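Undergrad: Below are the sequence and a predicted model for it; my questions follow.
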Amino acid sequence: MTSLSTLAAAEGSAAAAATGITSAAWLLVALPLLGAAVLLLGGRATDKWGPLFATAMSWAAFVVGFLVWISMIGRPADGRAMHLTLFEWIPAGSFNLQAGMLVDQLSVAFVLLVTFVGSLIHVYSIGYMEHDPDKRRFFAYLNLFVASMLLLVLADSYLLLYVGWEGVGLASYLLIGFWNHNPAYATAANKAFVVNRVGDFGLSVAIMIMFVTFGTVTFAGVSQAAGGASEATLTAIGLMLLLGACGKSAQFPLQSWLGDAMAGPTPVSALIHAATMVTAGVYLVVRSGFIFNAAPDAQLVVVIVGAITLLFGAIVGCAKDDIKKALAASTMSQIGYMMLAAGLGPVGAAFAIFHLITHGFFKAGMFLGAGSVMHGMNDQVDMRRFGALSGAMKITWVTFGLGWLAILGVPPFSGFWSKDKIIEAAFVGEGWRPWVFGLTAMIGAGITAFYMSRLFFMTFHGKKRWTDDVHPHESPLVMTVPMMVLAVGSALLGLVLSIGGTFTHWLEPVVGSHGEESPVLAVPVITVLTLLLVAGGIGLAWMRYWRDEVPVVAPTGSLATQAARRDLYQDDVNEGVFMRPGIHLTRSLVFADNRGVDGAVGGMAAMVGGTSSRLRRVQNGFARSYALTMLAGVVAIFALVWVIQ
Amino acid sequence: MTALITSLPTEFKVAQVDYSAIAPMLIVTAGALVGVLVEAFAPRRLRYAAQVGVALVALVAAFVVLVTVSVDAQGLTLERAVVIDGPALFLQGTVLLMSVLGVLTMAERFGGESPDAFTPMGAAVPGSPQEASAMRAGLMSSEVFPLTLFAVVGMMLFPAAGDLLTMFVALEVLSLPLYLLSGLARRRRLLSQEASLKYFLLGAFSSAFFLFGAALMYGYSGSIYLGDISKAITSASGELDGLLIPGVVFLLVGLLFKVGAVPFHSWTPDVYQGAPTPVTGFMAACTKVAAFGAILRLVYVGLEANRWDWRAGVIAVAALTMVIGSVLSVTQTDVKRLLAYSSIAHAGFILVAVLAFDKLGVAGTMFYLVAYGFATIAAFGIVSMVRQGGSEASHLSQWAGLGRNHPVVAAVFAFLLLAFAGIPLTSGFTAKYAAFSPAIAFGGRAGVSLVVIGVLCSVITAFVYVRLIVLMYFTEPAGGEVVAEMPSPMTTVALSIGTLVTLGLGIFPAQVLSLAESSSVFLR
Amino acid sequence: MSHAATWAFRVRVAAAAATSRHVPAQVARLPRVSPYVVVAAVVLVGLLLFVAAMGARALLAPKAPTRAKLTTYESGVDPVGQGWAQTQIRYFVYAFLYVIFAVDAVYLFPWALVIRSTGLGAASLVEIGVFIGILLIGLAHAARRGLLRWF
């Protein structure tokens, strides 16, 4: 990082120093952080007004984000990105590190999504968590999450992004385990944590490689230096970034935590595990486009991971009876779509973000709908015990229905505009790739239609299968209004944003532009085929879950169904491949320390003396054996030094 | 031998003493001596207050003198035996501040008559009637405070030692009080005494290594001064080369023992577990500062010239230390042992910075020591607060569900653990950054591979710490009432300072980093 | 190694190693062999002797082990109690007083030797006073603890 000044200059050319309202962008992070701090430090004194305060802070962040966006629109396309230096974070001699914010089209899109959906969910939570004695803590965590997520998307360097990345992980972890009186939930929190560590490890290694090879970790610096780097290095960085993205976005093979993460309160699932945090991986891949575009191999892996996950999630979604787990599987699958698109390079990156935004709306809406259903059904989640709720919960039914139509990709609802574009983009290319990925995406759309319709019909239609003690009722306005707002977004946002390619043009300066490339199939053919598959999926679901009787107890089902119910044996695989060897490794190392070091020395004596007493004494840790260890160490060091010499 | 005799100065030469340079050490020594007198002459009921007062006043006064007077008196003094330069001043200041926190935690009484962590009568057989009557009579081990001050004197001299003999004297001055202190625990006294004896035996063993190494170096270079040794190495005739490598290795062994590097780490878990918890915190933080200071001086001033000959050994030690420390911390069930293994791992991380062989490596090492030390003292302070049935609840299962009953204590501890894990926005992260980046930049291939190992090990340790956090927050209490004692204002101050420093260094490390960097040049 | 010692060593080695007439020649050649080799050889021979003695004993001595003979204490009395015992530390008083009274000599004598010849000046008097003072504090502590009463 010898050339800090030149880097700053480079940043200057890419993103002007922030002016006007943009220079107040730090408020975006500071406001929710303030909320979290006040609630956590204020203690019981803030119980009364704390939730409202947190909600206000979130809305305030939205207002700031909105103003920043307005001012950005007012500037010409090449002057929209702005850079805001916060402070000198780590000035370790030549290793200078500034904390700064990059406010460009991509981050502003995220800011608006996060603050708007986040604020709606704050409002919803006021109703949902009304009776929880600990709701102050809950709102503090929500605010903490919003702050971290905004830091993640506004960071101007991978390191600061990493801070936000860990922050959202922490918040997610705290919120999954929020109802920690239930041990299963605590386990879920634990699992989410462990899996995420694997991903975070990938991200930290990627940052390290960048640091070692480029001497900088800012986006501007890395993108500039990436041009001169070898493809092997870039591929390595790309793969490690992908590992990080997989952990956070629940992509194959690190998908296992998302289903269990549904243990958290439903607003959390809506905000964190559907709309925002899980999309951080997609953001990372798109933001690192300059690396992936120069490393085709890594890019291919991204596409493959996306394709596998979208099918994986879809298949698992078909078998889940827990409404939240089914939605979680669908989230996984939809993010698979985004990942696939992000891996296609400039052709798909804009659509990945587009789908991310629309998905944020309709999936959050559906999760809130699911929460509303649970609210009315004594917190039950088994869809086999639902049915015919369309009458009892009209608003929930309509809003959920709009989300359902959107995720299916039925025109003219939001999902159609974004998902169809991704499928089209997947068909672009040469050789086998467009066929494989395009068809995967297309078939995935069909399966999506099946399982989402299954979910919708099982919940709202067919016959009542309620347990005796439930009396379904509509939720209060404070919960339904956010749902309505999100439903409007699910219905219209896609259409609005895609008129004249508004959104893709908006993102073009960040993700890069692409020439006119036509898919291997004609666009209308793709659209029609996709819609046919979707219709087929709906029809099949209609037959099985609306027309026919749905058994209250799940039938055993075929081997495939069983496999899908068990998440395609992901936990078994994880346990066999990762956990057991890890445990054995630790055990054997402990064994080596207790036995080996001493045993090697005491082995002779052990043969003479009684072995049992010997064993006991070994664990006692005698000073003499410690001294012998030291001596052995000295000898070993000598040997090493002399050999090297 | 004749050659050696002639090399000695025939005329006696008066050593010039720069009193303002060594004033902080003299002040602490004076405080310790006053403490001895207080111990002998002050009436029993005043003794506690007097001892704590004397110790705190001496430490704070020494620090004030250090930053106001001594900074302007840099140079070699006492005939090159003591070197007061940037690193020495920085580390001395660090030791002083940390020992203030250490004394504050040691003085904790939890509403009783005498310092809670220490036995009323060290000489009484554990569990004997004598001990019981000492307890009834309200006796106390108030001599721990002068002992601590003596240890601090050694710790201040250690990184400032300009020759091997001074270094050895400092080593012993800091060690002997610590041996005593670790044997004075009020509860689980057998464990404590065992720890003390083990620490003493192994410490003596390692001192012997150091002394032998010093003798060999004298044999090689004809001088005990680090500067002369460096010159002798550069202008080596090759005649006595056989003495050099053994000398270097033995010297390093003596110092690596003090920081608890593998394979000289075996004492660490036992001693950390057995010693009174505030002493453990003090020992873990301040001894590391002093010993790493000495390592830095020895390696950067004395032995840098032939570092290619011995570097491999220390690289292996660093790698092993990180790996063993972090892997073994996974299976620990005692919170103090867990922190002990974590301290071993941290020693490895710091060694990575030492091996950078650059000015920035010195700065990184010193910054890491500050970050680690403050967090450690606070962490052990909290460990000493968590009780079950009157004694420390050091088994991990006893910490389950602590977050529910004592949210603040658990939150602070969780935060400190996150700092140990190196999560951003804590001092642990900036410290790792400061330690690892010079290793990458100047350490060559070995530096990069050490950093890779270090990052991997950080992931392992992060797992350990977070498991503990999960235990505190998400696990049902195992049964039995585990309480966090209400700390006195003194401990509260110590814990708050430790925590705030940990947070502050995570967000705004700039000041301390640049201070470390500007004071990272050794005088020769 | 001083010349005298080296010489004595050579003589001993020579006497032990050879009875032939070529003793002078061997002495003349010895300096080429590193003295360490000689030391090592002596150590080795010592070890060999020890091992041979013990080995011969083990081979030659009659063995008739019985249960009683294999106990730790062959006296027939079973060990009672536990191994933990308190060490008497009352002799630390002597160590303490020895340190106080002997350590001062270490510095006082050299100081006394040079104080006149090299204008150390008054400052050195103060310094040595401080030194003695520190020892006196120790003595005062000891006296206060009753360590100086012998009746």
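TA: Okay, I see it. Numbers count the residues shown, from 1 in each chain, chains lettered A, B, ... in the order given.
Undergrad: domain parsing for chain A?
TA: A:303-555, A:574-644 (the TED database).
Undergrad: just for chain B, where's the confidence low?
TA: B:1-12, B:478 (pLDDT under 70).
Undergrad: thinking again about what came up before, let me know which of the domains of chain A is tucked in deepest.
TA: Comparing these by mean neighbour count (mean count of other CB atoms under 10 Å in any protein chain shown), domain A:303-555 ranks first with a mean of 21. Backbone N, C-alpha and C define where each C-beta goes, glycine included.
Undergrad: Please identify the residues of the stretch 401-524 of chain B in proximity to chain A?
TA: Within reach of chain A by CB under 8 Å from any CB of the partner chain, the stretch 401-524 of chain B has these residues: B:423-425, B:430, B:433-434, B:437-438, B:440-441, B:448, B:451-452, B:455-456, B:459, B:462-463, B:466, B:470, B:473-476, B:508-510, B:513-514, B:517.
Undergrad: Next secondary structure after the longest helix belonging to chain C?
TA: In chain C, taking DSSP state H as the definition, the longest helix is helix C:35-60. Using DSSP states H and E, the next helix or strand after helix C:35-60 towards the C-terminus is helix C:67-70.
Undergrad: residues of the helix or strand just after that next one that come out buried?
TA: As assigned by DSSP H and E, the chain's next helix or strand after helix C:67-70 is helix C:92-114. Using 16 or more other CB atoms under 10 Å in any protein chain shown as the test for burial, helix C:92-114 gives C:96, C:100, C:104, C:111.
Undergrad: Could you do stretch B:216-229 as well?
TA: B:216, B:217, B:218, B:220, B:221, B:223, B:224, B:225, B:226, B:227, B:228, B:229.
Undergrad: how is chain C carved up into domains?
TA: Following automatic domain parsing, one finds the domains of chain C at C:1-83, C:87-151.
Undergrad: Select from those domains the stretch with the lowest mean pLDDT.
TA: Looking over these, mean pLDDT reaches its minimum on domain C:1-83, with a mean of 69.
Undergrad: Doesn't residue A:462 belong to a strand?
TA: No. Applying DSSP: H, G, I helix; E, B strand; the rest coil, one finds residue A:462 to be coil, outside a strand.
Undergrad: hang on, it packs against residue A:542?
TA: No. With contact defined as CB atoms under 8 Å, residue A:462 does not reach residue A:542; the gap is 9.9 Å.
Undergrad: hang on, the earlier thing: now do the longest helix of chain C: which elements does it pack against?
TA: Helix C:35-60 sits against helix C:3-17, with contacts defined as 3 or more CB pairs under 8 Å, 6 or more residues apart in numbering or on different chains; DSSP states H and E.
Undergrad: Spell out which parts of the stretch 151-300 of chain B neighbour chain C.
TA: In this structure, the stretch 151-300 of chain B approaches chain C at residues residue B:190, judged by CB under 8 Å from any CB.
Undergrad: And the residue of the stretch 151-300 of chain B closest to chain A?
TA: Sorted by distance to chain A under CB to the nearest CB, the residues of the stretch 151-300 of chain B start with residue B:263, at 3.1 Å.
Undergrad: That residue: neighbour count?
TA: Number of residues near residue B:263 (other CB atoms under 10 Å in any protein chain shown) recorded here: 23.
Undergrad: same check, this time on residue C:80
TA: For residue C:80, the count of nearby residues is 5 (other CB under 10 Å).
Undergrad: And residue A:157, by the same measure?
TA: Neighbour tally, residue A:157, other CB under 10 Å: 24.
Undergrad: Also residue B:333?
TA: Around residue B:333 there are 10 residues (other CB under 10 Å).
Undergrad: Chain C versus that one, what's the distance?
TA: From residue B:333 over to chain C the distance is 25 Å, taken as CB to the nearest CB, to the nearest Å.
Undergrad: you'd agree that residue is up against residue B:397?
TA: Yes. Applying CB under 8 Å, one finds residue B:333 in contact with residue B:397, separated by 7.5 Å.
Undergrad: sorry, back to before: does the residue of the stretch 151-300 of chain B closest to chain A belong to a helix, a strand or coil?
TA: coil.
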